[in-house]
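K.L.:
coordinates for the following, if possible.
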Amino acid sequence: MATALASYSPVVFDALEGPKEQHLKQKSFTDFSDFNKLFHAHNMEQCAGIALLHRHYDVDEKEVVLETIDSQKSLSSPVSVASLPKEVVPHLWRFKDGKWFPTEFLHLDGRSEDDRAKMAEAKAFSDKVAADTTFLSQLGSLLEKLGVVDLFGLQTNHRRLFLGTSCDDTILEITDVPSRVSKITAVPQTQAQPQYFTDTFFGFACKDPETCGHVRRQTCGWTACAYGCCDDSCGD
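P.N.:
This is a model prediction of the structure:
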């Protein structure tokens with residue numbers, strides 16, 4: 001199968017399902033072992049993982065979703081293509097028709113020396129994913145084989161660089177649909193959290209279920225650690 005990186009397409013973004021629909025589908029998928037093997041075979045387990053494809057709001061055909069991030073929080077919202085900064089890289093892709101389409105981007109805008117170092121590593125994650133065409137081809141084939149090509153996409157694990165992924169924390173996304181702004185912060189599991197959780201990121205750094213310390217380990221071990229979550233009661 002010929003696999004290529006495609007340019008951004010608003011049509012591909014608009015076709016994404018809402019979080020509630022994807023939440024129900026994701027709950028029925030529990031075996032991530034094939035993904036685990038593939039990511040480790042290509043040494044991708046630290047820099048990327050599988051993301052639940054979803055969208056909370058509409059985006060104009062001349063807009064793209066851009067994330068800005070620092071050690072305190074992550075904010076994602078649509079910006080016009082005309083005003084898109086030069087220092088951006090894709091961090092989320094959807095596989096469709098034999099191609100990987102970027103659906104969201106990261107602004108490489110490190111203000112402090114520490115942030116600039118993290119941004120350089122985040123860019124390296126994106127570049128590494130884009131450069132391994134064999135990995136991209138095999139991952140696309142696996143998504144099709146498992147029948148989840150519309151459910152899961154490929155995402156860099158850049159947020160762990162800025163927000164951290166303590167075994168006792170989860171990375172929580174809350175979206176204000178009317179303003180079209182998603183805020184992501186690291187919160188402790190003991191903190192009061194929204195009623196409805198949807199796991200949205202599955203990383204593969206943990207291989208051994210006996211040694212994994214992540215609290216949300218229902219899909220951990222030889223499968224995946226799900227720690228990126230959003231409140232799926234916030235909109236369609």
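K.L.:
so which elements touch the host helix or strand of Ser137?
P.N.:
Element membership of Ser137 [criterion: DSSP states H and E] is helix 133-146. Counting contacts by 3 or more C-beta pairs under 8 Å, 6 or more residues apart in numbering; DSSP states H and E, helix 133-146 packs against helix 33-41, strand 88-96, helix 113-131, strand 152-156. (Glycine included, C-beta is placed from N, CA and C.)
K.L.:
helices of this protein, start to end?
P.N.:
Per DSSP state H, the chain carries helices over the ranges 10-14, 19-27, 33-41, 113-131, 133-146, 159-163.
K.L.:
out of these, which is the most enclosed?
P.N.:
helix 159-163 (a mean of 22; mean count of other C-beta atoms under 10 Å).
K.L.:
ok so, going back, pipe the helices and strands packed on helix 133-146 into TSV and attach mean pLDDT and distance to Gln72 per row.
P.N.:
Below are these laid out as TSV (pLDDT from 0 to 100; distance: least, C-beta to C-beta, whole Å):
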stretch	mean pLDDT	distance to Gln72
helix 33-41	90	29
strand 88-96	95	18
helix 113-131	93	11
strand 152-156	96	20
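K.L.:
right, and the ones you listed - which one's nearest Lys25?
P.N.:
Nearest to Lys25 among the helices and strands packed on helix 133-146 is strand 152-156 (9.7 Å), distances taken as C-beta to C-beta.
K.L.:
low-confidence stretches in this structure?
P.N.:
1-3, 165-168, 189, 191-196, 206-236 (pLDDT under 70).
K.L.:
and for Pro178, the neighbour number?
P.N.:
8 (other C-beta atoms under 10 Å).
K.L.:
go on, Ser77?
P.N.:
Quick note: Ser77 (other C-beta under 10 Å) scores 18 neighbours.
K.L.:
who does the closest residue to it other than its chain neighbours bridge with?
P.N.:
Nearest non-adjacent residue to Ser77, counting by C-beta to C-beta, 6 or more residues apart in numbering: Val181, 4.6 Å away. Residues in a beta bridge with Val181, per DSSP bridges, are Asp176.
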